[in-house]
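> sequence first, predicted model second:
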Amino acid sequence: MMIPACPLADLPRGEAFRLEIDPPVSVFHTEDGELFAIDDTCTHQDASLADGWVEGCWVECPLHASKFNLKTGAVDAPPAKRPVRTHEVLVEDGMIYVRLSAATPNLPPCVATKLAGVLA
């Protein structure tokens, strides 16, 4: 499923755009001009990674400083222990699209419980 995110021109390098879906996904535009999409919620606690700090291909969670690799979703250090899902990003006619992963998201317990109640 392809989801339109935003026009490429509206996402400056070094910034992120949060898709308000369940669970949320963020698109990151690195300083090098690359585009990546990952689940927006830190796997440790309910924190938006779009609010984090991007350096190279890593985003640092604004809450407890775990870093996630934008290419692979891997986490570098505790308190987060599980990776985030990555999603395919495509640009067509100046618009950024995200193809969602079919993998199960690694959500923190507080978010997984809340999301299960919404989807029930």
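It's in. Numbers count the residues shown, from 1 in each chain.
> so the residue most central in space within the chain is in which element?
Nearest residue to the geometric centre of the chain (Cα atoms, centre = their mean): Ile38, 2.9 Å. Element membership of Ile38, judged by DSSP states H and E, is strand 35-39.
> helices or strands up against that strand?
Here strand 35-39 touches strand 25-29, strand 86-92, going by 3 or more Cβ pairs under 8 Å, 6 or more residues apart in numbering; DSSP states H and E. From N, CA and C alone the C-beta is placed, and that goes for glycine too.
> ok, back up a step: the residue nearest to the centre of the chain and Asp93: what is the separation?
24 Å (Cβ to Cβ, to the nearest Å).
> setting aside sequence neighbours, what's the nearest residue to Asn106?
Nearest in space to Asn106, with sequence neighbours left out and distances taken as Cβ to Cβ, 6 or more residues apart in numbering, is Arg82 at 4.0 Å.
> what sits against the one you found?
43, 75, 106 (Cβ atoms under 8 Å, 6 or more residues apart in numbering).
> between these, which is closest to His87?
Of all the contacts of Arg82, His87 sits closest to Asn106, with 13.5 Å by Cβ to Cβ.
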